[in-house]
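Undergrad: Provided below for reference: sequence and predicted model.
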Number of protein chains: 2
Amino acid sequence: MRKVVECVPNFSEGRRKEVIDQIAEAMAIVPDVHVLDVQSDADHNRTVVTFVGEPEAVEEAAFRGIGKAAQLIDMNLHRGEHPRMGAADVVPFVPIKGVTIEDCVAIARRVGERVGRELDIPVYLYEEAATRPERRNLAEVRRGEYEGIKAEIETNPERTPDFGPQHLDKAGATAIGARPPLIAFNVYLGTDDVDVAKAIAQAVRHSSGGLRYVKALGLLVKGKAQVSMNLTDYRQTPVHRVVEIIRREAERYGVAVVESELIGLIPNEALVEAAAFYLQLGGLSSDQILENRLANLIQQR
Amino acid sequence: MRKVVECVPNFSEGRRKEVIDQIAEAMAIVPDVHVLDVQSDADHNRTVVTFVGEPEAVEEAAFRGIGKAAQLIDMNLHRGEHPRMGAADVVPFVPIKGVTIEDCVAIARRVGERVGRELDIPVYLYEEAATRPERRNLAEVRRGEYEGIKAEIETNPERTPDFGPQHLDKAGATAIGARPPLIAFNVYLGTDDVDVAKAIAQAVRHSSGGLRYVKALGLLVKGKAQVSMNLTDYRQTPVHRVVEIIRREAERYGVAVVESELIGLIPNEALVEAAAFYLQLGGLSSDQILENRLANLIQQR
């Protein structure tokens, strides 16, 4: 695959296995779509599917998944702990290889337009695809959830969707957007004092004055204080900078970093950037990495 | 390509372009062989070819390159600064992907046997493929060069080749072996005092008590003291350990590392290992790297 887009749709069903299977299958049968993961949570009553493929294939599969969810899920009957507003609740497109975030914004808009027109579902564009600054933030788009949006959408102009009808049916509304790859990254500290992890999380995260593309919480996990993070744009806030700030802040409490861990996947580039920083490798080009060189050669043939 | 072997044969011709081209072409025409680089040096009168491919293809191409060099180069007429003993002087096989060093040793032995039998050229197995401990070291195998070996091979049992006749013709002898990928890596120091680079090179290199898989020299390059290195087995002596020792030794002279640089290619794994060390990433599995996950998925289909 020369171009790869990832899509991570969240569906409002985490209990009925036959429903989850039908939705996942509707996407998986699109040629050149590869489903990496299907994760359901019964308490949240929600399923997160991760799939990748060529941009056109991913675009088609996302549309079909949204359609199948609309057929099988009735939001009037949905109960779960996680905030939600639609059968297909959020559908982000993520650039992985040979595509830009702008390409993913264009995909989000095309899918959104088609969902509005063919499926008669209101669509809000969010994150990088947002058409209004306040809609970049998913929490803001989803405020009031299914019930609140249903009550307001017909009268409140702030609720006017980007595509589709100005009223909510049983499939609810769908947020469709584009975002960079996310890295879920935790750092364990050499203490069982969760307050140290909380103080460091506060120092490093964007919402309380820290680095722009970091979300962080302080937790106690396996008897160790843990700074649990989502790095939402590793190109602009690289992993090494996050780790170095945590190390420095931890020092102030006489505590050291014991270990870090990755939850799920990381783009290779994020690790290469960290290596280049610590080894002080000036001018490393991606063409100097043997595997990239091989991949390019084979594609040229 | 599911399995990739690299071969880096050195030929004793660095001046006659038509000869170099014919040798490179003899290897490049083998299907599924990709020539990455052809580097000739007129003073050394020597050419280094780098090519990759599936093991069988690389094996065949190496044999053809050795045969073509034997046809076109007369060692009785060869003069150059670099030590040499044969038209095809050294032929190392390097495991890149999906193959082990043992697989490359097996390739070296098969090619060596065929070169001895079909081309009537004496072959010495070296490095990981060596059959005697003293032959692991190429310099030892090549001692006396073409002229010295020619004088000794028929009478001195230490010179008995692993394959082929016990006498030297105009194609000379060929060393065929297997070795891990090599990383050419330089570190610049914040001083113009070359003695600092020399002292650090001495501390870090194997031959004077340093790390086992490091060869190092202290040089003055672009007005800066430079520790110039070959890392001959990055799995056993990882890049980060080399850099950390250099940093620590440089401190003793009140000098810092200014930058490092890579000459040629580096396996991705070497950078991932460095990132994991500095980020303290415990239990990072190669399956957590997005690109590896994609590659595996596509192969399974």
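TA: On my side now, so go ahead.
Undergrad: what does the worst-scoring helix or strand of chain A on mean pLDDT contact?
TA: Least confident helix or strand, chain A: helix A:290-300 with a mean of 76, by mean pLDDT, DSSP states H and E. Residues outside helix A:290-300 that contact it (CB atoms under 8 Å, 6 or more residues apart in numbering or on different chains) are A:2, A:286-287, B:1, B:4, B:34, B:36, B:52, B:96-97, B:181, B:265-268. (C-beta placed from N, C-alpha, C; glycine too.)
Undergrad: Count the residues that sit near the nearest residue to A:Y278 once chain neighbours are set aside.
TA: Closest residue to A:Y278 apart from its sequence neighbours, by CB to CB, 6 or more residues apart in numbering or on different chains: B:Y278 at 4.0 Å. For B:Y278, the count of nearby residues is 20 (other CB atoms under 10 Å in any protein chain shown).
Undergrad: before we move on, what about the one 5 residues further on?
TA: As a burial measure, the neighbour count of B:G283 was computed by other CB under 10 Å and equals 9.
Undergrad: now A:E134
TA: 10.
Undergrad: could you check the distance from it over to A:V91?
TA: 19 Å (CB to CB, to the nearest Å).
Undergrad: can you check A:L211 too?
TA: 27 Å.
Undergrad: Comparing these two, which residue is more hemmed in?
TA: A:V91 (28 against 18).
Undergrad: That one touches A:A178, doesn't it?
TA: No. Using CB atoms under 8 Å as the test, A:V91 is too far from A:A178 to be in contact (10.0 Å).
Undergrad: Identify the contacts common to these two.
TA: A:A108.
Undergrad: Around chain B, which positions in the stretch 101-250 of chain A sit nearby?
TA: Residues of the stretch 101-250 of chain A lying close to chain B by CB under 8 Å from any CB of the partner chain are A:181, A:187, A:239-240, A:243.
Undergrad: Next step: those restricted to strands.
TA: Among these, DSSP state E puts A:V187 in strands.
Undergrad: Could you count how many residues lie near the nearest residue to A:E127 once chain neighbours are set aside?
TA: Spatially, and ignoring its direct neighbours in sequence, A:E127 is nearest to A:G177 (4.0 Å; CB to CB, 6+ apart). Other residues lying near A:G177 total 25 when counted by other CB under 10 Å.
Undergrad: Let me know the helix or strand that A:G177 is in.
TA: Using DSSP states H and E, A:G177 maps to strand A:174-178.
Undergrad: quick one: that strand to chain centroid distance?
TA: 10 Å (CA atoms, centre = their mean, to the nearest Å).
Undergrad: Against which helices or strands is it packed?
TA: Counting contacts by 3 or more CB pairs under 8 Å, 6 or more residues apart in numbering or on different chains; DSSP states H and E, strand A:174-178 packs against strand A:88-97, helix A:101-119, strand A:123-127, helix A:138-141.
Undergrad: And the contacts of the longest one?
TA: With contacts defined as CB under 8 Å, 6+ apart, helix A:101-119 is touched by A:5, A:55, A:58-59, A:62-63, A:66-67, A:70, A:91-95, A:121-123, A:125, A:128-129, A:161-165, A:171, A:174, A:176-180.
Undergrad: And for stretch A:16-33?
TA: Against stretch A:16-33 from outside (CB under 8 Å, 6+ apart): A:1, A:9, A:11, A:13-14, A:35, A:38, A:40, A:47, A:49, A:51-54, A:57-58, A:60-62, A:64-65, A:67-69, A:72-73.
Undergrad: Quick check: phi and psi at A:I66.
TA: Main-chain torsions, A:I66, degrees, to the nearest 10: phi -60, psi -40.
Undergrad: who touches the closest residue to it other than its chain neighbours in this structure?
TA: Nearest non-adjacent residue to A:I66, counting by CB to CB, 6+ apart: A:A88, 4.1 Å away. Going by CB under 8 Å, 6+ apart, A:A88 touches A:9-12, A:65-66, A:69-70, A:121, A:171, A:174.
Undergrad: So which of those residues sit within strands?
TA: Per DSSP E, the contacts of A:A88 map to strands at A:10-11, A:174.
Undergrad: Got a quick PyMOL command for the buried subset of those residues?
TA: To isolate the buried members of the ones in strands among the contacts of A:A88 in PyMOL, using 16 or more other CB atoms under 10 Å in any protein chain shown:
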select buried, chain A and resi 10+11+174
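Undergrad: Which member of the ones in strands among the contacts of A:A88 is positioned nearest chain B?
TA: A:N10 (19.6 Å; CB to the nearest CB).
Undergrad: Tell me the bridge partners for the closest one.
TA: A:V48, A:V90 (DSSP bridges).
Undergrad: give the contact list for it.
TA: By CB under 8 Å, 6+ apart, the neighbours of A:N10 are A:46-48, A:84, A:88-91.
Undergrad: what's the nearest residue to A:E134 if we skip its chain neighbours?
TA: Here the residue nearest A:E134, using CB to CB, 6+ apart, is A:E140, at 5.4 Å.
Undergrad: so how far is A:Y126 from the one you found?
TA: 9 Å.
Undergrad: The two: who's more crowded?
TA: More neighbours surround A:Y126 than the other of A:E140 and A:Y126, with 28 against 15 (other CB under 10 Å).
Undergrad: thought the more buried one was touching A:V91?
TA: No. Taking contacts as CB under 8 Å, A:Y126 lies outside contact range of A:V91: 9.5 Å.
Undergrad: quick one: common contacting residues for these two?
TA: A:175-177.
Undergrad: so how many other residues sit close to A:L77?
TA: 7.
Undergrad: and what of the one 3 residues further on?
TA: By the criterion of other CB under 10 Å, A:G80 has 16 neighbours.
Undergrad: Likewise for the one 3 residues further on?
TA: Taking other CB under 10 Å as the criterion, the count of residues near A:P83 is 15.
Undergrad: which SS class is it?
TA: At A:P83, secondary structure determined by DSSP: H, G, I helix; E, B strand; the rest coil is coil.
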